[in-house]
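S.K.: let me see the structure of the following:
(chains A, B, C and D)
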Protein chains: 4
Amino acid sequence: MLKLRAVRVKNALVRECMAEFLGTFVLLLFGCSAAAQVKTSRETKGQFLSVNMAFSVGVMSAMYLTKGITGAHLNPAVSLSFCVLGQVPWDRLLPYCLSQLIGAYVASGLVYLVYYDAIMDFSGGVLTVYGPNETASIFATYPSEYMTLGRSFLDQVVGTGMLMLCILCLGEKRNTPAPAELIPPIVAVIVLGISMSMSANCGAAINPARDLGPRLFTLTAGWGTEVFTCYNYWFWVPLVAPPIGGVIGSFMYVIFIEWHLPDPDQLENPSTLPTISDKIKQPSIGLEL
Amino acid sequence: MLKLRAVRVKNALVRECMAEFLGTFVLLLFGCSAAAQVKTSRETKGQFLSVNMAFSVGVMSAMYLTKGITGAHLNPAVSLSFCVLGQVPWDRLLPYCLSQLIGAYVASGLVYLVYYDAIMDFSGGVLTVYGPNETASIFATYPSEYMTLGRSFLDQVVGTGMLMLCILCLGEKRNTPAPAELIPPIVAVIVLGISMSMSANCGAAINPARDLGPRLFTLTAGWGTEVFTCYNYWFWVPLVAPPIGGVIGSFMYVIFIEWHLPDPDQLENPSTLPTISDKIKQPSIGLEL
Amino acid sequence: MLKLRAVRVKNALVRECMAEFLGTFVLLLFGCSAAAQVKTSRETKGQFLSVNMAFSVGVMSAMYLTKGITGAHLNPAVSLSFCVLGQVPWDRLLPYCLSQLIGAYVASGLVYLVYYDAIMDFSGGVLTVYGPNETASIFATYPSEYMTLGRSFLDQVVGTGMLMLCILCLGEKRNTPAPAELIPPIVAVIVLGISMSMSANCGAAINPARDLGPRLFTLTAGWGTEVFTCYNYWFWVPLVAPPIGGVIGSFMYVIFIEWHLPDPDQLENPSTLPTISDKIKQPSIGLEL
Amino acid sequence: MLKLRAVRVKNALVRECMAEFLGTFVLLLFGCSAAAQVKTSRETKGQFLSVNMAFSVGVMSAMYLTKGITGAHLNPAVSLSFCVLGQVPWDRLLPYCLSQLIGAYVASGLVYLVYYDAIMDFSGGVLTVYGPNETASIFATYPSEYMTLGRSFLDQVVGTGMLMLCILCLGEKRNTPAPAELIPPIVAVIVLGISMSMSANCGAAINPARDLGPRLFTLTAGWGTEVFTCYNYWFWVPLVAPPIGGVIGSFMYVIFIEWHLPDPDQLENPSTLPTISDKIKQPSIGLEL
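M.R.: Residues are numbered from 1 along each chain as shown, chains lettered A, B, ... in the order given. Now for the predicted structure:
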């Protein structure tokens, strides 16, 4: 349709960066809009759970939009983990991360435009990071008051580790693969699980782009430098901890599961495939594998 | 079954209009009934989230009923977008939109019949648009008090744009298609995401028929002309903004994703298909594509 | 397993009745247990929505248990509708309904046993139908106080009609069929939609067995004859209205959709299949059909 | 990837135990983290339902990680049931159970590390089993105050019985099988149903490892021996009742459904397959089977 195929971008990297930009844009537009809706309506039009759910819908939609093009990272910690695993070339890392960051920034701007009236009404026109009328948490994440630095670092490491640990198995034909066409909603459910169980401490960013993009936006839009200086310059935690957690989670998967699966070439000639456990007669609910 | 095949409607357009009528009827019957349930029970038998969820169930059911017949538009903004994209002929536009509108009107009437006792009990018999006992919002959407006109227009543009942006990719074999038989629940989840994240401002109609049909019904059923005059004749916003947003969202999809996918004819001869990115070894979770 | 195949029941009808009994038992055990949990915990361990969701999980589980054996009716209104549609022989109707009724009764008894301590603690040992400490609504459904008789009859007709209208299309290969293996969760979502949108008036029984079984149980377990006499002998409404509604919904489906689908024999020779609409180039999201 | 295939564990049992360890670890990390989030945020960052949902996400993720390796038991009651059914050899029982227990213990420790600040802030530094600031229930389950011993035993028997009854049918090709690749989310939904409907009495452990692992952790981490002695040494109930319930539920499935299905060898030669019910013309929604 639209006889404009001549405009097709020739450079693969540019096409991929456009996809990562768009995917992260969609992810943040769903998620931060929901945060704005719940915050500015004082939880009358949604609740904590609906913010978690909206981020998950964003994950699903962004993955359907981009998974065939880049693998749908949407997250620098995921991109880094795939690079470390040898599944994405290292020269993709920086361009992908920048695209994700810009997508997150632009999405934050659009959320601000759409919810400008609501934010002004809620905050009385004073854009702050602290207090009952703060609105900074609509965009970036901030730690709970009781958190120590080391603990919040651990929190982000564990959350991102769970993400990689749980998604790496989904495409593995030698184990229990998820249907390829349904990986987006299944990853979305995993992200929902993480945000329902590990967001009390620091908001479960588990994604440097998802956190830095909106934070930079709030810096430029009138919340001031406090978005970076508050909680003793805490902002670096969701930037540094998730990549470390993602790599640790990936290695946990490799060490506990992947190393011990049969070799892929054996799958092509199933007659030589050693049974994983000769003594186990597969239970009924595993028969279909 | 029932040896009445002789009654089959010969005219394709009439059959399609019957399907769009029935689909929009089902969508609104689920959604507005849930709104009536939550409103008249004063949130003791449901909450804001359950209204969002009921509309999504309505989307899913309506799509299973009609997708094989018309593509399950259920929304003039969707019909228009498909016409602009060249996928539905322009002479379908008006008949489909009228069918959707009538379906929405009739569904509103049935909701009113079923919830008549509840609405009378809740409102004390006075059908109003404003105040704590207003019941007009069970049917059509109304803006929050803090909204300016331009902002509410933008809100409807963005919401409908997200809808088209996120659903257009679902059937694309050259990207990550969703399973064809599961597109109805996946679209339903996307609609749920939009209503959880973009309904605080104006109720997320994102559908002229869904809004005008119930509004016309309330006009005729006793709520008076205020349903049109209130908020300075705001009613035209959910009629005009969604078609514009739908077209913008469709173009965003085309520009960022579709133009850069391989040509369809290349898919039939995969050996000549240029790899989207030669340098990328697909990550595990993308292997199945 | 277990070399007891000799005990296989030879009579098909008995096997089918055992399946309908077990399925309805599972449906009610999930649903009424959730009602007991929410009621006796005074909504601290669940809420209205979680009762709706538990009934839906019950529908899904019961369908996986029995759909290959009887079609998983679990509801006399569904059985009757299938008989009227000519898809189930009339001599199955009464045995199925009785099996469903007994399954619902036995499940109610088990719920009472499991929640006996909780019910006694909540109610102070007085089993009543009215008042803040009533526990009868854990089992059967009762109308809201504002309901008139005709309205509650209409409510049950519409709810059951929606059920049949929305599920009859799911297996139709000539339209948009749902995946056969996923029909149980999809029907469960439809039931969830009905209970989120049409349970404010009368509790959305839409199933004579689901209502009469528990009501008979409460009669025998100490709630007294009031479970039948209350609200002016209202108990007959969820017995009589759902079968009527189911048949009406089935006919709506047949009239609006099924009559106009291509003949089944044409599907086996697709080259002769008349296109539903020659002028419509299917939209992207319909391509996969 | 990572040329370390030399480290592959040769012993099948060890590989399987590693999988059961990891799976139960993931299950508990999701579930107990969510319990900590809801408890320490005083339900401002989640609610009872979100704990149920997080456990279900844990079930799904753990099953995708391990189902191809061990069948994804994650629960000694499930392992025992499969042994009794003859589908898992008895010599697997003890190693699996121990692996599950250790996985649950280690996950509890990590939850404690991640939520240490939050738990200290919530409890004022006093780790107790009773009272408004108790935190023991983040980890193990405890009965409601009104429960008698026999009733809580029955509660755990019924809950685990429902689990086995509902999951055993999912892989049965002679009935209505679920898609093999989607069994993890479907089992997760069943577990969600159980925890929404049968957790008011005793917290729905229905899994000895899920209960004993965290209880042992709280014993060693500072909650004291009260975690075992409280409620008159109640801790043995979720250890003993679930295996009994799992076996009873399995037998209910076998007696009501499996015995009466056609013989498996007949499926390979469908022409000799006796129709389950010759007189029933399958209803529309069953046609696809």
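S.K.: quick one: low-confidence parts of chain A?
M.R.: The model of chain A has pLDDT under 70 over residues A:1-6, A:264-289.
S.K.: do the longest helix anywhere in it and chain D meet?
M.R.: Assignment by DSSP state H gives helix A:12-40 as the longest helix of chain A. No - residues of helix A:12-40 are not located near chain D by Cβ under 8 Å from any Cβ of the partner chain, the shortest gap being 11.6 Å. For every residue, glycine as well, the C-beta is placed using N, CA and C.
S.K.: what about that helix, distance to the chain center?
M.R.: With Cα atoms, centre = their mean, to the nearest Å as the basis, helix A:12-40 stands 10 Å off its chain's centre.
S.K.: that one near chain B at all?
M.R.: Yes - Helix A:12-40 is in contact with chain B by Cβ under 8 Å from any Cβ, via A:12-13, A:15-16, A:18-19, A:21-22, A:26, A:29-31, A:33-34, A:36-37, A:40.
S.K.: stretch A:61-79 now?
M.R.: Yes - Stretch A:61-79 lies within reach of chain B by Cβ under 8 Å from any Cβ, at A:S61, A:M63, A:Y64, A:L65, A:T66, A:K67, A:G68, A:I69, A:T70, A:G71, A:A72.
S.K.: tell me the buried residues in that stretch?
M.R.: Residues A:61-79 are the ones in stretch A:61-79 that count as buried (16 or more other Cβ atoms under 10 Å in any protein chain shown).
S.K.: of those, which belong to helices?
M.R.: Using DSSP H, the members of the buried residues of stretch A:61-79 that fall in helices are A:61-70, A:76-79.
S.K.: dump those residues to CSV, plus distance to D:M252.
M.R.: CSV is the format used below for those (distance: Cβ to Cβ, whole Å):
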residue, distance to D:M252
A:S61, 42
A:A62, 44
A:M63, 40
A:Y64, 41
A:L65, 46
A:T66, 47
A:K67, 42
A:G68, 45
A:I69, 49
A:T70, 49
A:P76, 51
A:A77, 46
A:V78, 44
A:S79, 49
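S.K.: closest to B:I257 out of these?
M.R.: B:I257 has its nearest neighbour among these in A:L65, at 6.2 Å by Cβ to Cβ.
S.K.: isn't that closest one right up against A:L22?
M.R.: Yes - counting by Cβ atoms under 8 Å, A:L22 is a contact partner of A:L65 at 6.1 Å.
S.K.: what is in contact with these two at once?
M.R.: Common neighbours of A:L65 and A:L22, using Cβ atoms under 8 Å, 6 or more residues apart in numbering or on different chains, are B:I257.
S.K.: and stretch A:123-132, how far from the chain's centre?
M.R.: On Cα atoms, centre = their mean, the centre of stretch A:123-132 falls 27 Å from the chain's centre.
S.K.: next: stretch A:245-261.
M.R.: The answer for stretch A:245-261 is 19 Å, by Cα atoms, centre = their mean.
S.K.: does that stretch reach chain D?
M.R.: Yes - looking at stretch A:245-261 against chain D by Cβ under 8 Å from any Cβ, the contacts come from A:M252, A:Y253, A:V254, A:F256, A:I257, A:W259, A:H260.
S.K.: mind putting those residues in TSV, secondary structure, distance to B:P243 and neighbour count included?
M.R.: Output for the residues of stretch A:245-261 next to chain D, formatted as TSV (DSSP: H, G, I helix; E, B strand; the rest coil; distance: Cβ to Cβ, whole Å; neighbours: other Cβ atoms under 10 Å in any protein chain shown):
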residue	secondary structure	distance to B:P243	neighbour count
A:M252	helix	50	18
A:Y253	helix	47	24
A:V254	helix	50	18
A:F256	helix	52	21
A:I257	coil	50	24
A:W259	helix	55	17
A:H260	helix	56	24
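S.K.: chain D contacts on the stretch 1-150 of chain A?
M.R.: With Cβ under 8 Å from any Cβ as the criterion, the stretch 1-150 of chain A meets chain D at residues A:Q47, A:F48, A:L49, A:N52, A:L85, A:G86, A:Q87, A:S144, A:Y146, A:M147, A:T148.
S.K.: now, which of these sits nearest chain D?
M.R.: Taking Cβ to the nearest Cβ as the measure, chain D sits nearest to A:Y146 out of the residues of the stretch 1-150 of chain A next to chain D, at 3.8 Å.
S.K.: does the closest one sit in a helix, a strand or a coil?
M.R.: coil (DSSP: H, G, I helix; E, B strand; the rest coil).
S.K.: list the contacts of it.
M.R.: A:Y146 makes contact with D:D117, D:A118, D:M120, D:D121, according to Cβ under 8 Å, 6+ apart.
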